[in-house]
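Trainee: Task: produce atomic coordinates for the following.
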Amino acid sequence: MMRFAKWSALLVLSLVVVTSIALLTGSKAHRETVLGLYLNEMEFYSVPSHSMEPTVTKGAYVVVESWWRDIGFGVVTEPRIFRGTIIAFQHERNGTTRDYLKRVVGVPGDRVRVGQYGNVEVLIGGVLSDRVSYCEELDRNWVPYEISLDGSELFVLGDNCAASIDSRHFGQNPVNVVNMKGVALYAFDGLFDVTDLYFDLAEPWKLDDERTR
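Mentor: All right, here's what the predicted structure looks like:
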């Protein structure tokens, strides 16, 4: 199961100190991470499973930019979400609420089909002629179902479908953005081994004005 383990304050402080020393020769990722931690805009989480490999390896540390950030003067920022954005969120399954890190593949207005082998087909905007397929080479038995995403609902998958617990397991209880912790920006496999997880497009999917904060 893909679950985060949040760092202790001592470990975070130690990482901040070490990274701060590296700022003079560090990358954009290092600079943004240090500033984000100081400003309480970002958090670090460790990844204890293989479900997001090869993008995020087991044991890596992920920098998450907090969702709904109050930057003062009544201004609240909200990260831009795209199909392909990696998010951190909480979700309840089998009576237990856990933290997850997954990639968004379906947004409101899409219709998603889960096949008998765990394969996924996303109908963009619910249109049959505009569809994308995922997790096509699995051989396990699954109960097929379909779901239409409305309001602030998302469909998410792990990059390593065979080792991931994700929206396929959540069934008719989709991920909701109100339970998001934030957007994943970087993955650190070491102090200087950094993977950029976030990308920016011209037209992201955005929440509607009736969202719950």
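Trainee: pull the longest strand from this protein.
Mentor: strand 96-106 (DSSP state E).
Trainee: Name every sheet partner of it and say whether each one runs parallel or antiparallel.
Mentor: Sheet pairing for strand 96-106, assigned by DSSP bridges, gives strand 86-93 (antiparallel), strand 153-157 (antiparallel).
Trainee: Can you tell me which of those strands is most buried?
Mentor: strand 153-157 (a mean of 23; mean count of other C-beta atoms under 10 Å). For glycine as for every other residue, the C-beta is placed from the backbone atoms N, C-alpha and C.
Trainee: Please put the alpha-carbon coordinates of it into PDB.
Mentor: Below are the C-alpha coordinates for strand 153-157, written out as PDB (Å, rounded to 0.1, in the frame of the first residue of the first chain):
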ATOM      1  CA  GLU A 153     -13.700  14.300  -7.800                       C
ATOM      2  CA  LEU A 154     -10.500  12.800  -9.200                       C
ATOM      3  CA  PHE A 155      -9.300   9.400 -10.500                       C
ATOM      4  CA  VAL A 156      -5.700   8.600  -9.500                       C
ATOM      5  CA  LEU A 157      -3.300   5.700 -10.300                       C
END
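Trainee: Name the residues that touch that strand?
Mentor: Contacts with strand 153-157, where a contact means C-beta atoms under 8 Å, 6 or more residues apart in numbering, come from 81, 87, 89, 100, 102-108, 110, 112, 120, 122, 134-135, 147, 149, 164, 166-168, 174-177.
Trainee: Going by neighbour count, list what's buried in the helix or strand following it.
Mentor: Elements were assigned by DSSP states H and E; along the chain past strand 153-157, the next helix or strand is helix 167-170. Of all the residues in helix 167-170, those buried under the rule 16 or more other C-beta atoms under 10 Å are Ser167, Arg168, Phe170.
Trainee: Adjacent strands (with direction) for the next helix or strand after helix 167-170?
Mentor: Once the chain leaves helix 167-170, the next helix or strand it forms, by DSSP H and E, is strand 175-176. If you go by DSSP bridges, strand 175-176 pairs up with strand 153-157 (antiparallel).
Trainee: could you give the mean pLDDT of the partner strand?
Mentor: In this model, strand 153-157 has an average pLDDT of 94.
Trainee: which of the buried residues of helix 167-170 lies closest to Asp139?
Mentor: Ranked by distance to Asp139 (C-beta to C-beta), the buried residues of helix 167-170 are led by Arg168 at 14.5 Å.
Trainee: got the strands paired with strand 96-106 as a markdown table, with distance to Lys58 columns?
Mentor: Formatted as a markdown table, those follow (distance: least, C-beta to C-beta, whole Å):
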| stretch | distance to Lys58 |
| --- | --- |
| strand 86-93 | 15 |
| strand 153-157 | 17 |
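Trainee: Please tell me how far Gln90 sits from Ser152.
Mentor: Computed as C-beta to C-beta, to the nearest Å, the Gln90 to Ser152 distance reads 14 Å.
Trainee: And for Gln172?
Mentor: In terms of C-beta to C-beta, Gln172 sits 16 Å off from Ser152.
Trainee: ok, the two, which is more surrounded?
Mentor: Ser152 (19 against 7; other C-beta atoms under 10 Å).
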